[in-house]
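> Take this sequence and fold it.
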Amino acid sequence: MSTKAQQVLDPQSDWNQAGNDEPVFVLRANNWRAALLLIAVTKGDNRTVDDLLETALAMRKWHIENDIPY
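Residues are numbered from 1 along each chain as shown. Here you go, the predicted structure:
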């Protein structure tokens with residue numbers, strides 16, 4: 001899973017490949033449950049599902065480690 005800074009600096013990232021008028025979708029780590037939901041509706045190959053699961057788990061881990069309880 002790449003960070004915001006890595007996406008911005010990578011000229012080959014989806015973020016930088018998108019045109020200035022092309023809509024993009026950003027999912028923050030605190031919304032890791034939405035990444036899990038994407039797995040449920042993905043009709044891609046196993047690699048796509050594996051990548052989504054790996055990303056969702058990394059997002060969840062980051063969220064747990066950086067959550068500020070009030």
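
> What average pLDDT does the host helix or strand of L38 get?
Secondary structure from DSSP states H and E places L38 in helix 32-41. Helix 32-41 carries an average pLDDT of 88.

> C-terminal to that helix, what's the next element?
helix 46-66.

> Can I get that following helix as CSV, trimmed to CA atoms?
The C-alpha trace of helix 46-66 is given here as CSV (Å, rounded to 0.1, in the frame of the first residue of the first chain):
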residue,chain,number,x,y,z
ASN,A,46,-8.0,-13.5,-7.4
ARG,A,47,-5.0,-11.2,-7.7
THR,A,48,-7.4,-8.1,-7.6
VAL,A,49,-9.2,-9.5,-4.5
ASP,A,50,-5.8,-10.4,-2.8
ASP,A,51,-4.5,-6.9,-3.5
LEU,A,52,-7.7,-5.3,-2.1
LEU,A,53,-7.6,-7.5,1.0
GLU,A,54,-3.9,-6.7,1.6
THR,A,55,-4.7,-3.0,1.3
ALA,A,56,-7.8,-3.1,3.5
LEU,A,57,-5.8,-4.9,6.2
ALA,A,58,-2.9,-2.4,6.0
MET,A,59,-5.4,0.4,6.2
ARG,A,60,-7.1,-1.2,9.3
LYS,A,61,-3.7,-1.6,11.0
TRP,A,62,-2.7,2.0,10.3
HIS,A,63,-6.1,3.2,11.6
ILE,A,64,-5.8,1.2,14.8
GLU,A,65,-2.2,2.4,15.4
ASN,A,66,-3.1,6.0,14.8
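
> that older thread, could you list the buried residues of the helix holding L38?
Residues W32, A35, L36, I39 are the ones in helix 32-41 that count as buried (16 or more other C-beta atoms under 10 Å). For every residue, glycine as well, the C-beta is placed using N, CA and C.
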